[in-house]
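# Need coordinates for the following:
(4 chains)
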4 protein chains.
Amino acid sequence: MTADTSFDVAHLAHVELLTPTPAESRWFFEDLLAMRVVAEEGDAVYLRTWDEYQLYTIKLTASDAAGVGHTSFRASSPQALERRVAAIEAAGLGVGWTDGDVGCGPTYEFTDPDGHAMGIFYEAERYEAGDDDRPALKNQASRFPGRGVNARRLDHINYLAKDVEANGAFLRDALGMRESERIRLDTGRFAAWWFHFSLKSYDVVYSDDWTKHGNRLHHIAFAPDTREDILKAADIFLENGIHIESGPHKHAINQTFFLYVWEPGGNRIEFANAGARLLLDPDQPVVEWTEAERRKGQAWGMKTIETFHTHGTPVVETPGH
Amino acid sequence: MTADTSFDVAHLAHVELLTPTPAESRWFFEDLLAMRVVAEEGDAVYLRTWDEYQLYTIKLTASDAAGVGHTSFRASSPQALERRVAAIEAAGLGVGWTDGDVGCGPTYEFTDPDGHAMGIFYEAERYEAGDDDRPALKNQASRFPGRGVNARRLDHINYLAKDVEANGAFLRDALGMRESERIRLDTGRFAAWWFHFSLKSYDVVYSDDWTKHGNRLHHIAFAPDTREDILKAADIFLENGIHIESGPHKHAINQTFFLYVWEPGGNRIEFANAGARLLLDPDQPVVEWTEAERRKGQAWGMKTIETFHTHGTPVVETPGH
Amino acid sequence: MTADTSFDVAHLAHVELLTPTPAESRWFFEDLLAMRVVAEEGDAVYLRTWDEYQLYTIKLTASDAAGVGHTSFRASSPQALERRVAAIEAAGLGVGWTDGDVGCGPTYEFTDPDGHAMGIFYEAERYEAGDDDRPALKNQASRFPGRGVNARRLDHINYLAKDVEANGAFLRDALGMRESERIRLDTGRFAAWWFHFSLKSYDVVYSDDWTKHGNRLHHIAFAPDTREDILKAADIFLENGIHIESGPHKHAINQTFFLYVWEPGGNRIEFANAGARLLLDPDQPVVEWTEAERRKGQAWGMKTIETFHTHGTPVVETPGH
Amino acid sequence: MTADTSFDVAHLAHVELLTPTPAESRWFFEDLLAMRVVAEEGDAVYLRTWDEYQLYTIKLTASDAAGVGHTSFRASSPQALERRVAAIEAAGLGVGWTDGDVGCGPTYEFTDPDGHAMGIFYEAERYEAGDDDRPALKNQASRFPGRGVNARRLDHINYLAKDVEANGAFLRDALGMRESERIRLDTGRFAAWWFHFSLKSYDVVYSDDWTKHGNRLHHIAFAPDTREDILKAADIFLENGIHIESGPHKHAINQTFFLYVWEPGGNRIEFANAGARLLLDPDQPVVEWTEAERRKGQAWGMKTIETFHTHGTPVVETPGH
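Numbers count the residues shown, from 1 in each chain, chains lettered A, B, ... in the order given. Modelled structure (predicted):
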C-alpha cells in the first residue's frame, strides 16, 4: 500500500445501533444527546448530531438484542471508492452494491472477517437546516441545540472481534487505514488495535472479544469540543439515571479524555476529547504498549474498570464471568 | 485537480520568523511559550513546541525588521513531493532544490506570487526526547513543560498579499490545498481566503495587504488544547507586559476561539482553538462571507479590532494610517 | 460600625425585574436560563435557579417599562434583622413592616436615597424539590436542568444612582456591607462603588446614573461554575437572537470573567465567574481605581463598550446621546 | 451558640506540614505548585500562594516523619478573638498566648482533643509584592506565576482523629464553626464531619483515624479557579513522577471536583474546586450521608480508593493493613 491510497476513505460515516429498548434508547439520543430525528423507516430512527454535514449520524434500529448493525464509510472521491471496492473484492469479503441507505448514494456492502456488516459509498446528501434549526453562523450544519450533552459529531467505533489481527489487517488493507497504536499481550497477540483515517488519532478500533462470539460492539464515541463538555455530560447522565461506567479520566493510549456510559439499550457510548492532538506525520510510527504497561491503568493512574473486559453488545453469557 | 492530490501535502511544517529584537523574541518563545531551543546557527535559533514530532517548529532569525522569512511544507510521500514540484514548476515559480534546513531532507524552494519564500520536502528527522524532556507517556513527542503558555503545535499561517486571488490560486494548485472559507468584498475581490490540508479547517490564509508592499505577514498561530488554555494565556501575557491585541473571543469565520498578541519583535501571534471542528466532507462547499457580514464583527458580536487592518510585519508606513 | 455587624446580612435574596415584554422575558429566563416557575401571582412570575435554596430567585413583573422593582436581602439571624432595621430607621429611610412576599417571612421595607425599593427579612421558606426536579445528590436544592445556560444562582446587582456616594454610604451602614473596590474620577466623585457581604467579592454595586433619573438598574448577574459555562452561554444567546452586549472577557475590577446580554425586556443580565476568588481578609483594604486606570479598559485590554454608559433600565432619553 | 458568633473566625490561616524529605517537599511546593519562599527559619521554610494576602500560606518543617505541625486560624476582629479564646479556655484545651509566628500577631495556642496543635490570632501582616512579583492588576496580592500548578489559595484541612464527634464538637464550639455535611456509620458514629466558616462549604474536616494513633493528617487542600486547572495539574504531576492517588473526579459530599496526590514527604495534598457553590443559607441544614450511601462512591460512580482509608501522616503501621 502506498501513502497515496491512505486518504481514500474520508471518514467513518454512519453507525447503526441495535436496541432491545427502542423508546428508551431514542430518549437517550434525542433528549440527552440532543440529536435530531431526521427520518423514521420501519423499526429504525435516523438521528443527527448538530455538526453533522450528512443527513444523519446514527441509525437506531429496534432489535432483540443490543449491538451494532451496519457501519458505513465515505470515500474521498469516486476513484477512491473504486480502489477500495477492488481491494475489498480482492480480499473476498465483498457482498455487492446496493442503492444505499437514507441520504447515501450507491454503496458497496461487505463484512469484516468477524462478521460486522459494513458499506462504503461516495455520493452523500448534505443536510439543509430548516427554519427551526438554522444556525446563526452559516458555516455550521445546523443550530447548536443548547440541551443536554449537545453531541457534536461521531468520532470512532470500537469493535469486539474474535481475531484482532485478522480483522485489523483486513480493514487496514480494505480501507487504506493507518495504524496509530496497539496493545500487544505477552502471548504476542494484540489485545486491541487502533486505526485512523487522515489526521485523526483513531477512527476504528478492534478489541479482543473474550467470548469469541463474533459481530459484537465494544462502543461508539462522540467528540465534544472540550473536557468541560465531558464533565457537564457526567452531571447530566447522573441526574438522568444513566449508568456511568468509567471516567471522566484520560486514556494513556491516544491520550483521549473520556467518559463511558451505557445507553438504555445496553450499548456502551463514549464521549472522547482529543484536544489539539492530530497525527500530522504521514509516517507516524505505530505506538505499541505491552501487557505490563496496560496494567498501569489510565493516564493519571485510574485502573481500567473490570466491565471493560466483561461487557459488550450483544451481551453474551460467558462461563466464569 | 482531482481529490486524489488534495492530500499531497501533509501539513505546514516550519515557519521562520524575522525579528529586530532577537533576545526579547527568544524570551517570548522560550520562556512564555515554553518552547525548547534545539539548535542555534548563525543569527538563527530553532525552537520546538512540546507536541512537535519534527525537530523544530519555528526558526527565529535576527533581522532588521520583523516579518516572515521562510515557510516549509511537508509532503505526504515521495510521490506526492514529485507531483507538487511538477505543479510548482509548471506555474513558473520554482527556485530549485536545496539540501534542506536543519532536520529536513532535500527541499524544493519556491515563492508565491507575493514573494513569500517557501519550500517543500518529504524526508524529516523525528525528534528524540532526552533525559530532561522524556514524556511520561510514550505516545508523546516530548514532556509537557507545565510553564507559561505551553505552546503545543503550530496551527496555521496568515500571509498579507498584494493580490489575494492570485496567491491563493497559486498555492491551491501548487500544494493541492482546498478552500474552506473566504470574504468577498462588494468590489468582487477577496479580502481574505482560507485554505486547508486534510481535515483541518485552515492551514494557510491570504489576507489583503493594504500597503501593497509584498512579502508580509499577518500572523502565525499555535493550537492549544482548550479554550481555558487561551484564557490562561491571556493572564500570562498580561502579567508579562505582552501587548494583547484582541480576544479572547470567537471568530465567525471558521469559528475558532482566538487570542492575538504581538511578540516583542512585532510579529502577531495567535492562539487558536478549533474544538472538535474538522472538515470531514471531502467535497465541503466553500463558505463565502460578504462585506456586510464581515462588518458584523466576530461570532459573539465584538467588532474586529482596527489594528487587524493596519498592523503587519514588516511594519510599513502608509499614508493616511 | 464594628466588624461584628458586618455579617448581619447573609446575602442578596431576591430581585424583582420589570419588563414591558413579559412573555418574551419569561421565555428568556425559563427556556434559555433554565429557570423554573414556582409561582404566578397577578402580573408576576416567580422563577428559581437550580441551586437556589429559597423558593425563588427572580420575580418577573409585567410593567410599562423595564427596570428593577424590589430587591430583598436575607438577614443572618433574628437579632441581625433587628439591628439592621434599627440602622435603617436611624437613617430615616424605613417604610415599615409587611408580611413578606412569596416564601419570605416578615419583611422590613425601605428605600435607598435613589428610590430603589428594598426589603430585609430573616424567615425564609426552603424549596423542596418534587418528583420531576429531585436531584441525584441530596446536597443540592434541585436537579441540574441540563438545558440552555443552566443559571445556577444569583450573584449581584448593580444599580444606577444619581449620587453614588450617598447611596453607597447608606447601604453600607444600613446593611453592614463592606467596600471592596471603587472608581474615583478626577473630580473626586465615585463613578462606581462595589460592596460585599461575607467572603464574596461583591454583591451590590452603585454606578453613576448619567441621566440623573433615579431608581434605575444597570444589571443583575448570575454566577456560573466555570468560564466555559460563560463561553457556552454566548453560543446559546447567539443562536437565540439575544443581544450580546459585551464579553466574554475579564474585568480588571474584581477580576470577574463576564458576559453581558440584554433580556428581551431590555434589562441587562450578566453572567459572572469569580473563580476561587474570595475576600478572606476581614480587614481587606478597599481598592481604588483612577479615571486613567479605568480608561485602560478590561483586564485583557478590551475597551469598555460605550453602551455601558448609555444603556440602563428604564431606558431614559438623554440629550446628546 | 447564636448565629452572631458563627463569623468570629474569618478563615483557616496557615498550616505547618512536617516532612522527612525537606528538599523534595520544597521542590514540590516551590517548583510544582509555584509557591514562593518568603522566609526560612531553622528547619522551616515559609511558602505563599500567589493569591495569599497574608505573608505565607504553608510552613514546611523538616521532621522525622510526615504530618501536620500547627494550624492557625484568623479571627474576624479583636472582639471575636476574645470570644474564641474564652470559649477555648472554657473547654479546658487552652495552652496560652505567644507572640505569634512569622507575620502573625499575638496568638492563643490550643489543641483539639486529638492533640493537633492550633492557634488563633487577629493581627496579620499583609504581603507586599516586590519588583519581581508585582501583579499587573492592583487588586491581586502578587503576580500570577504561570508555572506548574499555580496554587492559588489554601482551601481546607482534613484531620484524622480518634474520636470524630468529640473533636468536631470541640472545634465547632471553640471556633464558632457550622456543620455542612457528615457521614454517619450504621453504628451511629460519624466517619467524617465537615465544618465551614462563612460561605465556604468546608474549611475543616475530621475523619476517623482507624489507627487511633492521634494527631494525624488526612490531607490539606488548595483551591484552583477551574476544573481545567485540576486536569492540567494531573498532567504536570504525571510528568513529574508525583503519585496521583485519586481523581480527577467529583465528590458526592460537598460536590467538590478533586485531585489527590502525595507530596514527596508523604502528605496527601488535594486540589479542590467548588465552582460557584456557596453556603448562603445562614441556617443551612446539615446533610447526613449513610454508610450505604457512602458505598456508592463518588458523584459519578468511581469507587473511593482504598488508600483513603489506609494512608495518613504520620504513617502508622496497623495490623491487618
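# Would you mind listing the buried residues in the helix or strand of chain A at the bottom of the mean pLDDT ranking?
Every helix and strand of chain A was ranked by mean pLDDT, DSSP states H and E. The lowest is helix A:291-295, at a mean of 94. By neighbour count on 16 or more other CB atoms under 10 Å in any protein chain shown, the buried set for helix A:291-295 is A:Arg294. The C-beta positions use only the backbone N, C-alpha and C, and glycine is treated the same way.
# what's the spacing between A:Glu165 and chain D?
Per CB to the nearest CB, to the nearest Å, A:Glu165 is found 31 Å from chain D.
# What is the burial count for that residue?
If you count neighbours by other CB atoms under 10 Å in any protein chain shown, A:Glu165 ends up with 16.
# next one: stretch A:299-309 to chain centre, how far?
Here stretch A:299-309 is found 20 Å from its chain centre; the criterion is CA atoms, centre = their mean, to the nearest Å.
# List the buried residues for it?
Neighbour-count burial for stretch A:299-309 [16+ other CB under 10 Å]: A:Ala299, A:Trp300, A:Gly301, A:Met302, A:Thr304, A:Ile305.
# do the same with stretch A:233-241
A:Ala233, A:Ala234, A:Asp235, A:Ile236, A:Phe237, A:Leu238, A:Glu239, A:Asn240.
# Among those residues, which one sits closest to chain B?
Chain B lies nearest to A:Ala233 out of the buried residues of stretch A:233-241, by CB to the nearest CB, at 13.3 Å.
# three-state assignment of that closest one?
Three-state call for A:Ala233 (DSSP: H, G, I helix; E, B strand; the rest coil): helix.
# can you list the buried residues of stretch A:233-241 in TSV and add pLDDT and distance to chain C?
TSV is the format used below for the buried residues of stretch A:233-241 (pLDDT from 0 to 100; distance: CB to the nearest CB, whole Å):
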residue	pLDDT	distance to chain C
A:Ala233	98	9
A:Ala234	98	11
A:Asp235	98	5
A:Ile236	98	4
A:Phe237	98	9
A:Leu238	98	5
A:Glu239	98	5
A:Asn240	98	8
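# Export the least confident helix or strand of chain A to PDB, keeping only CA atoms.
The C-alpha trace of helix A:291-295 is given here as PDB (Å, rounded to 0.1, in the frame of the first residue of the first chain):
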ATOM      1  CA  GLU A 291       0.700  -6.000  28.800                       C
ATOM      2  CA  ALA A 292       2.700  -4.700  31.700                       C
ATOM      3  CA  GLU A 293       2.200  -1.100  30.500                       C
ATOM      4  CA  ARG A 294      -1.600  -1.700  30.100                       C
ATOM      5  CA  ARG A 295      -1.700  -2.900  33.700                       C
END
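# which regions of chain A sit below the pLDDT cut-off?
Judged against pLDDT under 70, the low-scoring parts of chain A cover residues A:1-4, A:319-321.
# and the residue of the stretch 51-200 of chain A nearest chain C?
Closest contact between the stretch 51-200 of chain A and chain C, by CB to the nearest CB, is at A:Gly146 (4.2 Å).
# most residues in a single strand of chain A, which one?
strand A:9-19 (DSSP state E).
# that older thread, looking at the buried residues of stretch A:233-241, which is nearest chain D?
A:Ala234 (4.6 Å).
# What residues does the closest one make contact with?
A:Ile244, A:Gly247, A:Pro248, A:Leu259, D:Lys250, D:Ala299, D:Trp300 (CB atoms under 8 Å, 6 or more residues apart in numbering or on different chains).
# near chain C too, which of those?
D:Ala299 (CB under 8 Å from any CB of the partner chain).
# Which of the contacts of A:Ala234 fall within strands?
A:Ile244, A:Gly247, A:Pro248, A:Leu259, D:Lys250.
# In the stretch 51-200 of chain A, which residue sits closest to chain B?
For the stretch 51-200 of chain A, CB to the nearest CB, closest residue to chain B: A:Ser77, 3.7 Å.
# And that residue, its phi and psi?
phi -170, psi 170 (degrees, to the nearest 10).
# From B:Met177, how far off is it?
Counting by CB to CB, to the nearest Å, the gap from A:Ser77 to B:Met177 is 16 Å.
# quick one: which of those two has more around it?
B:Met177 (23 against 18).
# Might one say that the more buried one is in contact with B:Val205?
No: under the criterion of CB atoms under 8 Å, B:Met177 is not in contact with B:Val205, lying 10.7 Å apart.
# which neighbours do those two share?
Jointly contacting B:Met177 and B:Val205 under the rule CB under 8 Å, 6+ apart are B:Phe195.
# who in the stretch 151-300 of chain A is up against chain C?
A:Thr226, A:Glu228, A:Asp229, A:Lys232, A:Asp235, A:Ile236, A:Leu238, A:Glu239, A:Asn240, A:Gly241.
# and chain B, which of the residues you listed reach it?
A:Thr226, A:Glu228.
# can you list the residues of the stretch 151-300 of chain A next to chain C in a markdown table and add secondary structure?
Putting these into a markdown table (three-state DSSP) gives the following:
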| residue | secondary structure |
| --- | --- |
| A:Thr226 | coil |
| A:Glu228 | helix |
| A:Asp229 | helix |
| A:Lys232 | helix |
| A:Asp235 | helix |
| A:Ile236 | helix |
| A:Leu238 | helix |
| A:Glu239 | helix |
| A:Asn240 | coil |
| A:Gly241 | coil |
